[in-house]
Structures are given as structure tokens and as C-alpha cells.
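*Asks:* Below is the sequence, then the predicted model.
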Amino acid sequence: MDYEFKKNMLDGSYHVVFSMGHEALGRWLIEEVQDDEAKIALILNQLGALKGTMTEWQLIGEEMTLSLQDNEAIVQANYLFFSTEDEMEEDMSHYDDEAMSLCGFEDLEQVLHAWRAFIRGR
């Protein structure tokens, strides 16, 4: 998984670009995590606590939800919990990559550590 973090020096806003198939992870970072270091610490603690267990944990946000289970992290848009594929138009299927991403705990940990260092300006 490749990614690049960017900061707009004019307005201080953050932008993220993730490789294909992981776009939702970037969207989640921008929309749900932002520069909230307490949230980053909470997620990192949960990742450590859940490694090797069958326990599930979720962090439900306004637009997206992070689910941790079986050493996999799933980030998905909340609207996916309420709609079925039959309800979605076929033309909209190409937006799926922006609505859901899957990665392992180690990848998510690496992203969160890199994101925290980036927003701290390191």
C-alpha cells in the first residue's frame, strides 16, 4: 500500500493520496481522524490489544467506520451498512474503492504512525 500525505500551506488543510484499492483509508484519515492525536492513540492501543484475538472493535464516525477483527482493519462508508447492491446503480460501482478499504493491522499501524508524525510536522 502506497500513500502520500500533503498539507496545504495556505489554509493548513491536510490531503492524502492512497494507492488504488485503499482510497477509503485516505478518506477516513481526512474525514474521521484528522489531527486528533487522542483518536490515533486510541486506535493504536486497540490494535495492540486485539492482535491474535477474535474480539471485534469498531470506531463509528460521522461518515465512515473502522472495524478491527481477525488482524484485519476494514474502513467503510457508513452508507454501506444501510444499502444493498440492488439499491445501487450499476454506474456507481466504480466508487466502491472510495467507500471501503481492507488492510492488515500492521499496515494500519504503519499508516497511523506516519500520519501522526506528519501532522506533528516531523
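*Replies:* Sure, I can see it. Residues are numbered from 1 along each chain as shown.

*Asks:* alpha carbons only for contacts and neighbour counts from here, please
*Replies:* Will do.

*Asks:* For Glu98, grab the count of nearby residues.
*Replies:* 19 (other Cα atoms under 10 Å).

*Asks:* With Thr53 instead?
*Replies:* Residues near Thr53, counting by other Cα under 10 Å: 10.

*Asks:* can I assume it is in contact with Asp70?
*Replies:* Yes - between Thr53 and Asp70 there is a contact under Cα atoms under 8 Å: 6.7 Å.

*Asks:* Show me which parts of stretch 34-41 are buried, residue by residue.
*Replies:* Gln34, Asp35, Ile40 (16 or more other Cα atoms under 10 Å).

*Asks:* what does stretch 18-37 give?
*Replies:* 18, 21-29, 32-35.

*Asks:* Can you give me the end-to-end span of that stretch?
*Replies:* 21 Å (Cα to Cα, to the nearest Å).

*Asks:* Now, the buried residues of stretch 18-37 that are in helices?
*Replies:* Glu23, Ala24, Leu25, Gly26, Arg27, Trp28 (DSSP state H).

*Asks:* Give me the distance between the third one and Val33.
*Replies:* By that I understand Leu25. Counting by Cα to Cα, the gap from Leu25 to Val33 is 10 Å.

*Asks:* For those two, list the residues in contact with both.
*Replies:* Overlap of the contact sets of Leu25 and Val33 (by Cα atoms under 8 Å, 6 or more residues apart in numbering) is empty.

*Asks:* re the thing from before, tabulate the buried residues of stretch 34-41 (TSV), appending distance to Tyr3.
*Replies:* Converted to TSV, the buried residues of stretch 34-41 look like this (distance: Cα to Cα, whole Å):
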residue	distance to Tyr3
Gln34	16
Asp35	17
Ile40	17
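
*Asks:* After the lowest-mean-pLDDT helix or strand in the chain, which helix or strand is next?
*Replies:* Across the helices and strands of the chain, mean pLDDT, DSSP states H and E gives its lowest value to helix 96-99, namely a mean of 74. Next helix or strand after helix 96-99 toward the C-terminus (DSSP states H and E): strand 100-104.

*Asks:* Dump the helix or strand following that following strand to CSV, keeping only the CA atoms.
*Replies:* Downstream of strand 100-104, the first helix or strand assigned by DSSP H and E is helix 105-119. Presented in CSV, the C-alpha positions along helix 105-119 are these (Å, rounded to 0.1, in the frame of the first residue of the first chain):
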residue,chain,number,x,y,z
PHE,A,105,-3.2,-4.5,11.5
GLU,A,106,0.5,-3.9,10.7
ASP,A,107,-0.3,-1.8,7.6
LEU,A,108,-2.8,0.3,9.6
GLU,A,109,-0.3,0.8,12.4
GLN,A,110,2.3,2.0,10.0
VAL,A,111,-0.1,4.4,8.4
LEU,A,112,-1.2,5.8,11.7
HIS,A,113,2.4,6.3,13.0
ALA,A,114,3.3,8.0,9.7
TRP,A,115,0.2,10.2,9.9
ARG,A,116,0.8,11.2,13.5
ALA,A,117,4.4,12.2,12.6
PHE,A,118,3.2,14.1,9.6
ILE,A,119,0.6,16.1,11.5
